[in-house]
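Colleague: sharing a sequence plus its predicted fold:
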Amino acid sequence: MGVLILLAIALAPGLAIMVYIYLHDKHEKEPIGLLVRSFFFGFGSVIITLVISTIIGTFITINESDVSEQAVHAFIIVALVEEFSKFVFVRGILYRNKNFNEPFDGIVYAVMVSMGFATLENVLYAFEGGVGVAIFRMFTAVPAHATFAVLMGFYLGKAKHEHKKGYYALHALGIATLFHGAYDYFLFISFVPGIWLGAFISLVVAIYLSRKAIKAHQDASPFNPAFVKPPPIE
């Protein structure tokens, strides 16, 4: 029974966030089957992350007490690698799907992939660290992954439905990496007294921006009865 409770705690935050995003896809919901596939793409992104991280680890050693090296660790080795591993599936596969037909879909698919990643990661951490770790991550790491995904998905939605496609696709990966890296960096250098507050602040800012992104793409949906189509770009 203890194992089942631990598994339920580890699964709960990711599932709750996916339901939240699905319910906020107000105007043209995505096929359930495709959303499930997107979730399992997140498992694939974990594998890509492990492969890339293992290769990097053979060439780079990080001094855990060096704040500069920890910046490389947080922003490049962890944040960029993990967000790129998710980006590969969202931009490379789901972006091309015919069901990706409104800006909000970028958020939906990015979150589903990210929650697949975060859920598998959460289960592994929970079974290693126990209930305390699982509960702590329920309110920190999993919501953080969700906000990074919303910000990535916001720009991928713009990339597909506006004219600056390449520009916004780069922004999608960049902003997710920036917030992910900032969140991790302040935790990695938590040996500096009080610096962990930076992780909390970065998460709050990301949540705030994510809420604005969700609202903006809901309003911009061509399936929204109140939507006013912008004039064509000359």
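Modeller: Now that the structure is in, tell me what you want to look at. Numbers count the residues shown, from 1 in each chain.
Colleague: for the protein, which segments count as helices?
Modeller: Counting by DSSP state H, the chain has helices at residues 2-24, 32-57, 67-72, 81-92, 104-129, 131-138, 141-161, 165-188, 197-219.
Colleague: tabulate those helices in TSV, adding columns for mean neighbour count and distance to Ala226.
Modeller: Where you see a C-beta, it was placed from the backbone N, CA and C, and this is true even at glycine. As requested, the helices of the chain are arranged in TSV below (neighbours: other C-beta atoms under 10 Å; distance: least, C-beta to C-beta, whole Å):
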stretch	mean neighbour count	distance to Ala226
helix 2-24	16	16
helix 32-57	16	26
helix 67-72	15	44
helix 81-92	22	27
helix 104-129	24	14
helix 131-138	16	36
helix 141-161	26	17
helix 165-188	20	24
helix 197-219	17	7
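Colleague: which residues does the helix or strand bottoming out on mean pLDDT in the chain contact?
Modeller: Using mean pLDDT, DSSP states H and E, the weakest-scoring helix or strand in the chain turns out to be helix 131-138, at a mean of 91. Helix 131-138 has contacts (C-beta atoms under 8 Å, 6 or more residues apart in numbering) with Ile5, Leu6, Ile9, Ala10, Ala12, Pro13, Asn122, Tyr125, Ala126.
Colleague: among these, which two are most distant?
Modeller: Using C-beta to C-beta, the contacts of helix 131-138 reach their maximum pairwise distance at Ile5 and Tyr125, which is 15.6 Å.
Colleague: could I get the helices of the chain as JSON lines with distance to Pro225?
Modeller: Converted to JSON lines, those look like this (distance: least, C-beta to C-beta, whole Å):
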{"stretch": "helix 2-24", "distance to Pro225": "17"}
{"stretch": "helix 32-57", "distance to Pro225": "24"}
{"stretch": "helix 67-72", "distance to Pro225": "47"}
{"stretch": "helix 81-92", "distance to Pro225": "28"}
{"stretch": "helix 104-129", "distance to Pro225": "15"}
{"stretch": "helix 131-138", "distance to Pro225": "37"}
{"stretch": "helix 141-161", "distance to Pro225": "18"}
{"stretch": "helix 165-188", "distance to Pro225": "26"}
{"stretch": "helix 197-219", "distance to Pro225": "11"}
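Colleague: most centrally placed residue in this structure?
Modeller: Residue closest to the average C-alpha location in the chain (C-alpha atoms, centre = their mean): Ala149, at 2.8 Å.
Colleague: return the residues in contact with it.
Modeller: Ala149 neighbours (C-beta under 8 Å, 6+ apart): Lys86, Ile107, Ala110, Val111, Val113, Ser114, Met115, Ala176.
Colleague: cool, Asp66 as well?
Modeller: Neighbours of Asp66 in contact, by C-beta under 8 Å, 6+ apart: none.
Colleague: got the confidence number for it?
Modeller: pLDDT recorded at Asp66 is 94.
Colleague: and for the one 3 residues further on?
Modeller: pLDDT, the model's per-residue confidence, is 96 for Glu69.
Colleague: residue contacts, it?
Modeller: By C-beta under 8 Å, 6+ apart, Glu69 lies in contact with Ile62, Asn63.
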